[in-house]
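S.K.: I would like the atomic coordinates for the input below:
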Amino acid sequence: MVHSAYDSVQVVRGCPAKVEVAGVHGSKILTGCSDCSLRIYAPASPSSTASDTSGRSAPCEKELQREPYVLERTVSAFWKKNPVAMEVSRSRDLLLSLSEWIAFHRLPNLETVAAIGKTKGANVYSWDDQRGFLCVGRQKKVGIFRFDGGREFVEVKEFGVPDVVKSMAWCGENICLGIKREYMILNSSTGALSEVFPSGRIAPPLVTPLALGDLLLGKDNIGVFVDQNGKLLQDGRICWSEAPTSVIINRPYAIARLPKYVEIRSLRAPYPLVQTVYLRDVHILLQSNGCVIATSGNSVYGLLPVPIDVQIVQLTASGDFEEALALCKLLPPEDSALRAAKEGSIHIRYGHSLFDNGNYEEAVEQFIASQVDITYVLSLYPSIILPKTMAILEPDKLPDLSDSSFLSRASSDASDELDPSSPSQFVDSDEKSMLKEKKMNHNAFMGLTKYLQKKRYGIIERAIAEVTEEVVMGAVQAVHARGSHHISSVARERASILDTALLQAMLLTGQSTGALEFLKAPNYCDLKICEEFLLEKKHHAILLELYKGNEMHRDALKLLIQLVEESNSNSSDPMDHQKFMPDMVIEYLKPICGSDPILVLEFSMHVLESCPTQTIELFLSGNIPADLVNSYLKQHAPNMQSKYLELMLSMNESGVTPNLQNELVQIYLSEVLDWFKDLKDQQKWDEKVYSSTRKKLLSALEGILENSEHAVLLGRMNQHQLALSLYVHKLHLPNLALTYCDRVYEAELHRASSRGNSNIYLTLLQIYLNPRSSTKEFEQKTRNMLPPQSHGNQRVTPMKAKVGRVSKKIAAIEGAEDMRSSPSSTDSGRSDCDGDEVVEEGDPIMLNNALDLLSQRWDRINGAQALRLLPRKTKLLNLLPFLEPLLKKSSEGRRNYSIIRNLRYSENLQVKEELLSQQKQGLKIDGDSMCSLCRKKIGSSVFVVYPNRKTLVHFVCFRDSQRLRY
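M.R.: Numbers count the residues shown, from 1 in each chain. This next block holds a predicted model:
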C-alpha cells in the first residue's frame, strides 16, 4: 500500500540561522535558531492572521497554511544557550523550552511565566499538558514538577535512576524512561523502577507516547507496543526501514525521522509502508494541529495531510480496500451519509475483486457489509433460476461510485483515478458472457449459501411482518366494512427469491440433508421453479418434502407410490441411491389422518396388502372411524375387510363396535356357507373337518354360550341390572360384580354423564338385599328379549339370523340353569353367606356382601339412600366401617364450607369498610377557596362539590351552567 497521505510543502526558507527547535501556535511557526534567537513566522496573506487575537481558542482552530511564511518577529538572545527542545501548550497558551534550564513563556506576547532553576543541566523532559505535570531528566536524577496555574512550578518529587535518561514519556501515572540500553517504568508516587526490556544495540532508546497511556518503544529499527505498565500488547510491531531518530504519532499514521527521508506507516497491522517523503538531514519532527513540522537546516517543511476522502479514492483505485474502509471511520461525524455511501461502494468493489479472484466466502462477507440487495449478488450466479416476477439488478447497473454525491470532497484528479475501477471493469459485456458460460464451482455456491443464510433472518422477519399486517388489516376491514387496502408484498417477493436461490445453492453443494431440514421449516420457496429443479436433479425425497410443506399431499403421494413401484420393480434410476419402501407411504399418511381421512384411505389401499399390520396401526393411531374404514374397504378392497376387522379386534378390541363384530361374524358365516356348499356339491362334506374360517366363526360364537360373556353382552346393551344379577345369582362371583360396577362408574365419570354415577352401586346393593325379586325380574326380562322362532332352512339376512341364534342359545342356557336349580343346591349357594338373614323361604339376603360393598365404596354411594335399603334389624356396629368415613367426610366438608363462608363474610366487611372510608373523604373550604366557573371566592355562599372532590363552584354558577347545557 503506497499512496499520498501527506503533501510536503516548504513553508519557511532562508532562515538567517540554523533552525534547532520549532513549534506551532495557531497559524504561526515559532523557530528556535542556533544564534539563541526566537523567530516567529506567519503566512504571507494578512487574512490568515487577522483572527489570532480573537480569543484563546483561536490558536487551536488554526491550521498550517500551504503558502510560504514570512518573518513576523525576531526575539534576539531569547536563550543564553542554543535551545535543545521546545513545545507549545495550546490549551494553556504556554511556550515550553529547554536550553540552560526549562522556561515557560506566555503566548503570544512571550512574557516569562516561570524559569525552573532546579532543571539546570537537564537534557530531556516530558510535559503532561492535561494534568500540568513536568518530568525532567537531569544527570542521574528524575524530577517531577507541578504547575500551580499561576507563575510557579512546585517540585513534587525527585528520584535517582541508574544512569542518564536519554528519552522519557508520561504513561498514565507512570513514566517510561529510556536509560542507556534499556527501558524502565518509574512509579511517580513511590519511585519504584521496573525493567521492561533492553533497547537496541545500534540506536539509543526512543520512547513515543500513544493514546490511553500506551507506548511505542524503539529497538533499533523495530517499534514495540507496550501498555502503561510495560507489558507487551498483542498488536504486533512496526518495522522501519532504518533505525529512526524520532517518531511521532499522527493518527492513523506513525511518522519516523530517518537519516535520508521521512517514513510514514499505517498504525493498522501489519503496519505497511504508506509513503516516503524525501527530506535529507531532518533535524526536528513534531506534530501540531493535525499537521507535521520538519526542520532541515535553515528551512521548515510542513507535511500537510491529504484529505481523508481523497486518500480513500486513491486506496480504492489501487485495490487497497481494507485500508480505504479503515480511513472511512475517520470521516467527520457530520458526514455520516457520505461515510455510509463510501463504505457501501468500497465493500461492493472489494466483493467484486474477491469474487473474481475466487475468494467467494470473503466476497459475500463484503456484499453483506455493503447492504446491497440480494438480487445484485444473485445476478453473479446465472445458473441460479429465480422467480420471473422480480426485476433482477444486474452487476453492471451498480451506481457509479465516482458520482459527485459520493466524492464531493475529492479532487478532480482523484475522481479521474477512480473512473477506471468502476463496476463495468468487473463485469463488462465480454466478461459477462464468459461468466454466464462458466460453470460455477463448489466454493462459489458455498459462499452463496452462507451469504443467503446470513441475510435470511432479516428478510424472513420482514415478510412475516407483511403477512401479519395483511391479516390485521383484513380483520379491521371485515369489522368496519371498509374498502380494500393494498399491503405491499415486496418483502415476501424478496423472501421467495432468497429461499428459492438458497435451496438450489444447497443442493448444488451436496447439502441434501440441510435442504431437507430447510424445507421442513416455514419457507417461501417458489413452487414451480423448485419443482422443476428437483425433478431435473432427481432429488425425489426433497421434492416430497416440498409438496408436503405446501400441503400438496395428493401430488406427493402419487410421486411416492410411483417411486415405491419403481423400487419394487428394480427399474429405478441407478444414480438414485435412495430406496423407497411401502412403509414410507404409511409414515407420510400418519400426520394427515385427522385432516383428510378419505385421502389416507385412498392411498393406503396401495400398501394394505404388502403392509397390512402397519396400515391397520395407521388407521388406529390416526383415529379414523372404524365404520368409515370398513365401508371403504367393503367397496374398494372387500378381500381385506375381514383381515382389517381381525387386526382391529386383536389390537384394540374396545374400539370395535358391536355392529362391526356382527359384520365380521357375518363375513365368516358367508365364507363358511360357501365352503359348505362347495363341499356338499362335491359330496366331500365332513362334519368333523374344520377350516380356518369355520374355526374363527365357532370361536366368535362360542363365547355367547357362557354366562360371563352373556353378562358382557348385557352390559354392552346397558342392561346393568341383568348383568349384575347374572354375576351374583348365576355365577356367584360378587368380586366380578363389584369390578363391573367400578368399570361402569368410571366410564360414566369420564363421560360426565348427567345421571348419578352412584346408581350402579345402589343397584348392586338392591340385588344383595332382595335376591328373590332380582331373580324373577332377570328371568322375566330375559324371556322378553327372545324373538319369535323361525322355522325352515331358508337363508335370512346374516345379522337377523345371528341375533335369533344368540337369543335361542341364551334361552336354552337359562332353562338349563333353572332345571339345575333344586332345594339341595340352596346350601351350596349359601356357602359364602352363612348367617345371612332369610326374608323368604329359600331366599337369604346377602347382608355381609352388602356391608362389604358399603365399606369398600362408601365414597361412591349415597349414604341416605343406602340406609333406606338396609334391613331395620341391621346392627349399627356392622355399619361402622361405612358410616365413620362417610360422617368424617361430611363433617369435614361442612367445616370447610363454614370457613369459606366466614372468609367471604370477612372480605365483604373489608370491602364495605373501604367503601365507607372512600365516601368519608372531606373537603376543606377556607377564605381562599375559589369557584372554578366564575373564579370568585366561595365565601359563605352555597356551593356545589363535583364527584372528584376537588372542583368547587357556586350553586348559582352550577345552576346557570346546567341551564346553558340544556
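
S.K.: Helices of the stretch 551-700 of the chain, start to end?
M.R.: 553-568, 582-589, 597-604, 612-621, 626-636, 641-651, 658-681, 692-702 (DSSP state H, counting those that start in this stretch).

S.K.: how about a markdown table for these, with mean neighbour count added?
M.R.: Glycine gets a C-beta too; all of them are placed from N, C-alpha and C. Formatted as a markdown table, the helices of the stretch 551-700 of the chain follow (neighbours: other C-beta atoms under 10 Å):
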| stretch | mean neighbour count |
| --- | --- |
| helix 553-568 | 17 |
| helix 582-589 | 19 |
| helix 597-604 | 19 |
| helix 612-621 | 19 |
| helix 626-636 | 17 |
| helix 641-651 | 18 |
| helix 658-681 | 15 |
| helix 692-702 | 15 |
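
S.K.: can you tell which of those helices is closest to residue 78?
M.R.: Across those, residue 78 has its closest neighbour in helix 553-568 (95.9 Å, C-beta to C-beta).

S.K.: low-scoring stretches of the stretch 251-400 of the chain, by residue?
M.R.: For the stretch 251-400 of the chain, the stretches flagged by pLDDT under 70 are 389-400.

S.K.: That one: strands as residue ranges?
M.R.: Remark: strands assigned in the stretch 251-400 of the chain by DSSP state E, counting those that start in this stretch are 253-257, 262-266, 273-277, 284-288, 291-296, 299-305.

S.K.: helices and strands of the chain: which one bottoms out on pLDDT?
M.R.: The helix or strand of the chain with the poorest confidence is helix 824-829; it has a mean of 32 (mean pLDDT, DSSP states H and E).

S.K.: rewinding a little: out of the strands of the stretch 251-400 of the chain, which gets nearest to residue 926?
M.R.: Nearest of the strands of the stretch 251-400 of the chain to residue 926, taken as C-beta to C-beta: strand 284-288 at 72.6 Å.

S.K.: what packs against that closest one?
M.R.: Identification of packing neighbours for strand 284-288 by 3 or more C-beta pairs under 8 Å, 6 or more residues apart in numbering; DSSP states H and E yields strand 19-25, strand 246-250, strand 253-257, strand 291-296.

S.K.: partners of that strand in the sheet?
M.R.: Strand 284-288 sits in its sheet next to strand 291-296 (antiparallel), going by DSSP bridges.

S.K.: send the alpha carbons of the strand it pairs with over as CSV?
M.R.: The C-alpha atoms that make up strand 291-296 are tabulated as CSV, following Å, rounded to 0.1, in the frame of the first residue of the first chain:
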residue,chain,number,x,y,z
CYS,A,291,0.0,18.7,10.7
VAL,A,292,3.6,17.6,10.9
ILE,A,293,6.6,20.1,11.0
ALA,A,294,10.0,19.0,9.8
THR,A,295,13.1,21.2,10.0
SER,A,296,16.1,20.8,7.8
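
S.K.: ok and it relative to strand 299-305, angle-wise?
M.R.: Interaxial angle of strand 291-296 relative to strand 299-305 (axes from the mean of the first three to the mean of the last three C-alpha atoms, to 10 degrees): 150 degrees.

S.K.: Next one: the nearest residue to residue 925 once chain neighbours are set aside from residue 931, what distance?
M.R.: Nearest non-adjacent residue to residue 925, counting by C-beta to C-beta, 6 or more residues apart in numbering: residue 938, 6.0 Å away. Residue 938 sits 6 Å away from residue 931 when distances are taken as C-beta to C-beta, to the nearest Å.

S.K.: Now the common contact residues for those two.
M.R.: Counting by C-beta atoms under 8 Å, 6 or more residues apart in numbering, the contacts common to residue 938 and residue 931 are 952, 954.

S.K.: Same drill for the two, tell me which one is more crowded.
M.R.: residue 931 (21 against 17; other C-beta atoms under 10 Å).

S.K.: And the pLDDT at that one?
M.R.: What the model reports as pLDDT for residue 931 is 92.

S.K.: thought it was touching residue 952?
M.R.: Yes: Residue 931 is within contact range of residue 952, at 6.4 Å (criterion: C-beta atoms under 8 Å).

S.K.: Next up, the contacts around the closest residue to residue 557 other than its chain neighbours.
M.R.: Nearest residue to residue 557 in three dimensions, chain neighbours excluded: residue 603, at 4.6 Å (C-beta to C-beta, 6+ apart). The contact partners of residue 603, taken as C-beta under 8 Å, 6+ apart, are 557, 561, 585, 589.

S.K.: mind putting the strands of the stretch 251-400 of the chain in CSV, distance to residue 736 and mean neighbour count included?
M.R.: As requested, the strands of the stretch 251-400 of the chain are arranged in CSV below (distance: least, C-beta to C-beta, whole Å; neighbours: other C-beta atoms under 10 Å):
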stretch, distance to residue 736, mean neighbour count
strand 253-257, 100, 22
strand 262-266, 96, 22
strand 273-277, 101, 19
strand 284-288, 106, 20
strand 291-296, 108, 22
strand 299-305, 104, 21
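
S.K.: Local confidence estimate at the spatially most central residue of the chain?
M.R.: Nearest to the geometric centre of the chain sits residue 457, at 9.4 Å (C-alpha atoms, centre = their mean). At residue 457, the model reports a pLDDT of 90.

S.K.: List the buried residues in the helix or strand where residue 468 lies.
M.R.: Here residue 468 sits within helix 442-480, counting by DSSP states H and E. Under the neighbour-count criterion of 16 or more other C-beta atoms under 10 Å, helix 442-480 has 444-452, 455-456, 459-460, 463, 466, 470 buried.

S.K.: Mind putting the strands of the stretch 251-400 of the chain into JSON lines with distance to residue 866?
M.R.: Shown next, in JSON lines, are these (distance: least, C-beta to C-beta, whole Å):
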{"stretch": "strand 253-257", "distance to residue 866": "103"}
{"stretch": "strand 262-266", "distance to residue 866": "100"}
{"stretch": "strand 273-277", "distance to residue 866": "105"}
{"stretch": "strand 284-288", "distance to residue 866": "107"}
{"stretch": "strand 291-296", "distance to residue 866": "110"}
{"stretch": "strand 299-305", "distance to residue 866": "106"}
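
S.K.: which stretch among those strands comes nearest residue 679?
M.R.: Minimum separation from residue 679 across those (C-beta to C-beta) falls at strand 262-266, 105.4 Å.

S.K.: Just name whatever secondary elements that closest one is in contact with.
M.R.: strand 253-257, strand 273-277.

S.K.: Between strand 253-257 and the last one, find me the angle.
M.R.: On the basis of the same axes, to 10 degrees, strand 273-277 is oriented at 40 degrees to strand 253-257.

S.K.: Just checking: what are the partner strands of strand 273-277?
M.R.: Here strand 273-277 has these sheet partners by DSSP bridges: strand 262-266 (antiparallel).

S.K.: ok, now the first one?
M.R.: On the basis of DSSP bridges, the sheet neighbours of strand 253-257 come out as strand 246-250 (antiparallel), strand 262-266 (antiparallel).

S.K.: what does that strand rub up against?
M.R.: Counting by C-beta under 8 Å, 6+ apart, strand 253-257 makes contact with 5, 208, 216, 223, 238, 240, 244-249, 262-267, 271, 274, 282, 285, 287, 292, 294, 303, all of which sit outside it.

S.K.: residue ranges for the strands of the stretch 51-200 of the chain, please.
M.R.: Counting by DSSP E, counting those that start in this stretch, the strands of the stretch 51-200 of the chain are 69-75, 85-89, 94-98, 102-106, 111-116, 124-128, 133-138, 141-147, 153-160, 165-171, 174-179, 182-187, 193-198.

S.K.: What residues sit buried inside the fourth one?
M.R.: Counting neighbours by 16+ other C-beta under 10 Å, one finds that the buried residues in strand 102-106 are 102, 103, 104, 105.

S.K.: gap between the residue lying closest to residue 676 once chain neighbours are set aside and residue 673?
M.R.: Spatial nearest neighbour of residue 676, chain neighbours left out: residue 685 (6.6 Å); criterion: C-beta to C-beta, 6+ apart. Remark: distance between residue 685 and residue 673 (C-beta to C-beta) = 12 Å.

S.K.: now swap in residue 545 and tell me
M.R.: Distance from residue 545 to residue 673, by C-beta to C-beta: 51 Å.

S.K.: Understood, closing this out.
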